[in-house]
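Chemist: model this:
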Amino acid sequence: MRVTNQMISNNLLRCIHTNLSELERAQDRLASGREIRRPSDDPVRAVIAMGLRAGLGETVQYQSNIQDALSWLEVTEGALAGAIEVLQRARDLAVQGATDTLPQESRDALKKEVEQLKEQLGTIANSVYGDRYIFGGTKTHKTPYDGSTWQGNGGEIKFAIAPKVEMQVNIPGMELFWEKQTSEGQTVKGAIQVLDELAGLLGDSGKTGSDISSMIGEIDRVLDSFISTRGEIGARVNRLEMSLARLEQTGFEQTDLLSRAEDADIARAIIDLKNRENAYRVTLAAGARIIMPTLIDFLR
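Modeler: Coordinates of the predicted model:
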């Protein structure tokens, strides 16, 4: 086969292009720190890396959900703590007012304080987390208590905290603050209605100490419900904190596996870059010697 100058030139250009492409890939590998920049670099490792990245994304989202749930429950716990203080003060006032020797003027003063406590309960019932009302059930953007009626519902708000695992983060406040229906179909008053009834008894001069004393048991009942609910929130917080710790450990493990799948060996990448540089320089040097003679060199 006859070798022509055109063949020599084409082969040289092809070699230069090949070595330059390898040099570019080596530079890109070292600059990015990644072994895989596109699926064609290593299809098997690319599929593994994609799966790990998707799993890591889910883990991060679950962590964000748990953080949001913890904040929600923290606000709820603070609101319940405030409500418990209000009810304990209302109980003290009921005990004072249950004395038959107490004049009506003093009971009227107690009534006014109970009314203020009722207003404070209404404010607590309208507590918000961000722009959402925490005791309104699923009606998070509507005021649960408008001063006379309850506008929220008993809907549950659940956050996903793990694959196929959800946790309720809200406490519908209707049963606590307003009223609830028993299994027998009876209506049981909540905290706001109990304080409203207490204020009415204190302001009624025809009521005796025993009438007012009967409200102490009602206040104790709603107090127990608030304390029980607060304990339930504590249990949820403990579970969420354990789940968050587990997810953080899972995230560390997934990040390490992803690094092994994608990241380049820096020392090896540097050596490979130097080898590619040398190959490219040798190709250029060889080409300079091969193509150097031309017809002009022989014209005198």
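Chemist: Gly78 should be in a strand, yeah?
Modeler: No: assigned with DSSP: H, G, I helix; E, B strand; the rest coil, Gly78 falls outside any strand and is helix.
Chemist: which elements pack onto the helix or strand Gly55 falls within?
Modeler: Using DSSP states H and E, Gly55 falls within helix 43-97. Helix 43-97 is packed against helix 104-125, strand 128-129, strand 158-162, helix 191-203, helix 209-262, with contacts defined by 3 or more CB pairs under 8 Å, 6 or more residues apart in numbering; DSSP states H and E. (C-beta placed from N, C-alpha, C; glycine too.)
Chemist: for it, what is the average pLDDT?
Modeler: Mean pLDDT, taken over the full extent of helix 43-97, equals 93.
Chemist: one more: stretch 253-266?
Modeler: Stretch 253-266 shows a mean pLDDT of 80.
Chemist: chain center to that stretch: distance?
Modeler: Between the centre of stretch 253-266 and the centre of its chain there are 26 Å (CA atoms, centre = their mean, to the nearest Å).
Chemist: only the buried residues of that stretch, if you could.
Modeler: By neighbour count on 16 or more other CB atoms under 10 Å, the buried set for stretch 253-266 is 254, 257-258, 261-262, 264.
Chemist: same check on stretch 89-99?
Modeler: For stretch 89-99, the neighbour count (16+ other CB under 10 Å) marks 90-91, 93-94, 96-98 as buried.
Chemist: likewise for stretch 180-191?
Modeler: For stretch 180-191, using 16+ other CB under 10 Å, the buried residues are 189-191.
Chemist: equivalent analysis for stretch 114-124, please.
Modeler: Of all the residues in stretch 114-124, those buried under the rule 16+ other CB under 10 Å are 114-115, 117-118, 120-122, 124.
Chemist: ok, back up a step: tell me which of the helices and strands packed on helix 43-97 sits most buried.
Modeler: Most buried of the helices and strands packed on helix 43-97, by mean neighbour count (mean count of other CB atoms under 10 Å): helix 191-203, with a mean of 22.
Chemist: I'd assumed Asp220 was in contact with Gln88.
Modeler: No: using CB atoms under 8 Å, Gln88 is not in contact with Asp220, being 10.1 Å away.
Chemist: domain boundaries for the chain, per the record?
Modeler: 9-53+265-298, 72-258 (automatic domain parsing).
Chemist: which of those has the lowest average pLDDT?
Modeler: domain 9-53+265-298 (a mean of 73).
Chemist: pull the distance from it to the chain's centre.
Modeler: 45 Å.
Chemist: how about the contacts made by Ile219?
Modeler: Counting by CB atoms under 8 Å, 6 or more residues apart in numbering, Ile219 touches 87, 90-91, 94, 194, 198.
Chemist: just curious, which of those is nearest to Asp108?
Modeler: Within the contacts of Ile219, proximity to Asp108 (CB to CB) peaks at Leu198, which comes in at 13.2 Å.
Chemist: which residues touch the closest one?
Modeler: 90, 93-94, 114, 212, 215, 218-219.
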